[in-house]
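S.K.: I'll drop the sequence and a predicted model, then ask my questions.
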Amino acid sequence: MRFALDALFADVPAEQAAEAREFYRTRPAGRGPGSWEELREVRAKRPAPRAAEPPAVEETAEAAGARVPVRILVPAGGPPRGVYLDIHGGGFYMDSAAHGDVRNRALADALGVAVVSVDYRLAPEHPWPAAPDDCETAALWLVEEAAARFGTDRLAIGGASAGATLTLATLLRLRDRGVSDRFAGAALVYGTYDLSASTPAGRRIADEYFLQAYAGHVADRTVPDISPLYGDLGGLPPALLVVGARDVVLEDSLALAGRLSAAGNEAELRVYPEAPHGFLGHPTALAGTAVDGITSWLGDRIARP
């Protein structure tokens with residue numbers, strides 16, 4: 001059997017890969033804050049989020065005795081045909097739901113869906129399990145209230161980076177509650193699925209401060225709620241995994257795709273050439289192609305009977 005990474009590459013025009021290669025040739029690799037002091041400084045300098053038009057509506061989701069703030073964007077062209085639960089990234093310790101408003105407005109209007117983004121609590125002020133607790137609350141709220149609130153019970157979920165990790169952790173919790181089948185699909189974009197530093201990808205990020213901030217108090221970080229790669233992955237909705245070939249956590253997506261498939265789930269892996277972590281946020285045609293592909297995949301899952 002021959003297994004080659006290029007066989008997993010997403011189908012993109014050669015000129016887009018060449019443009020991306022040139023874009024990243026002189027662009028320094030990013031790295032997150034290395035301490036609490038650096039994190040506070042980065043947070044203080046973070047630009048205010050751009051407002052979407054029409055703007056998001058702020059609400060509080062309530063389920064299972066818990067509450068969490070969410071931001072809601074409904075499609076401008078008519079009633080939603082589905083609802084997408086967005087879980088933002090940021091290393092579990094940065095960003096907010098509001099920073100995704102412009103991107104989520106574009107998704108809402110492109111697909112004709114309502115986008116609900118959860119403002120989960122951040123580490124280190126609120127370490128694990130605060131973030132997955134909040135994401136589970138928002139997901140359960142949609143399971144219980146989507147039909148009445150939005151006129152549709154067609155649900156999908158997804159996130160990028162830490163948001164992908166939290167998406168998978170949330171789905172495992174929903175599966176254990178017997179309601180994961182209420183979600184038609186999950187978009188998992190360059191997530192880190194091993195926070196224990198045990199796998200090849202996990203070892204490459206073992207010294208990152210976000211791990212200490214989020215789960216440094218946990219003796220065994222192979223707990224699936226922290227590192228979903230170690231969980232029982234059966235009974236999950238179809239998943240699209242998107243990652244760049246130059247992503248530091250590429251191996252996590254490769255391993256997860258194999259484990260999801262082996263557990264009997266529908267899993268599709270798309271590896272984008274020349275792309276590092278976070279590439280969807282960069283001004284390249286390759287990023288635009290990847291975003292369009294995710295949007296199309298979600299639309300197909302929401303429309304599927």
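M.R.: Now that the structure is in, tell me what you want to look at.
S.K.: rest of the way, CA atoms for contacts and neighbours
M.R.: OK.
S.K.: which residues touch stretch 297-305?
M.R.: 81-82, 111, 154-156, 184-187, 240 (Cα atoms under 8 Å, 6 or more residues apart in numbering).
S.K.: among the residues you listed, which ones are in helices?
M.R.: In this view, these that belong to helices under DSSP state H are Leu111.
S.K.: dump the helix or strand containing Val242 to PDB, restricted to CA.
M.R.: When elements are assigned from DSSP states H and E, Val242 belongs to strand 239-244. Taking C-alpha atoms only, strand 239-244 is exported to PDB below (Å, rounded to 0.1, in the frame of the first residue of the first chain):
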ATOM      1  CA  ALA A 239     -17.000  15.600   9.600                       C
ATOM      2  CA  LEU A 240     -15.000  17.800   7.200                       C
ATOM      3  CA  LEU A 241     -11.400  18.200   8.400                       C
ATOM      4  CA  VAL A 242      -9.400  21.100   6.800                       C
ATOM      5  CA  VAL A 243      -5.700  21.600   7.500                       C
ATOM      6  CA  GLY A 244      -2.600  23.100   5.800                       C
END
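S.K.: which other helices and strands does the next helix or strand along the chain from that strand contact?
M.R.: Proceeding N to C from strand 239-244, the next assigned helix or strand is helix 250-262, under DSSP H and E. Counting contacts by 3 or more Cα pairs under 8 Å, 6 or more residues apart in numbering; DSSP states H and E, helix 250-262 is packed against helix 200-204, strand 239-244, strand 267-272.
S.K.: Gly178 is nearest to which of those?
M.R.: Across the helices and strands packed on helix 250-262, Gly178 has its closest neighbour in strand 239-244 (17.8 Å, Cα to Cα).
S.K.: so that closest one versus strand 267-272, what angle?
M.R.: Using axes from the mean of the first three to the mean of the last three Cα atoms, to 10 degrees, the interaxial angle of strand 239-244 with respect to strand 267-272 works out to 20 degrees.
S.K.: what mean pLDDT would you report for the longest helix anywhere in the chain?
M.R.: Of all the elements of type helix in the chain, the one with the most residues (DSSP H) is helix 130-150. The average pLDDT within helix 130-150 is 98.
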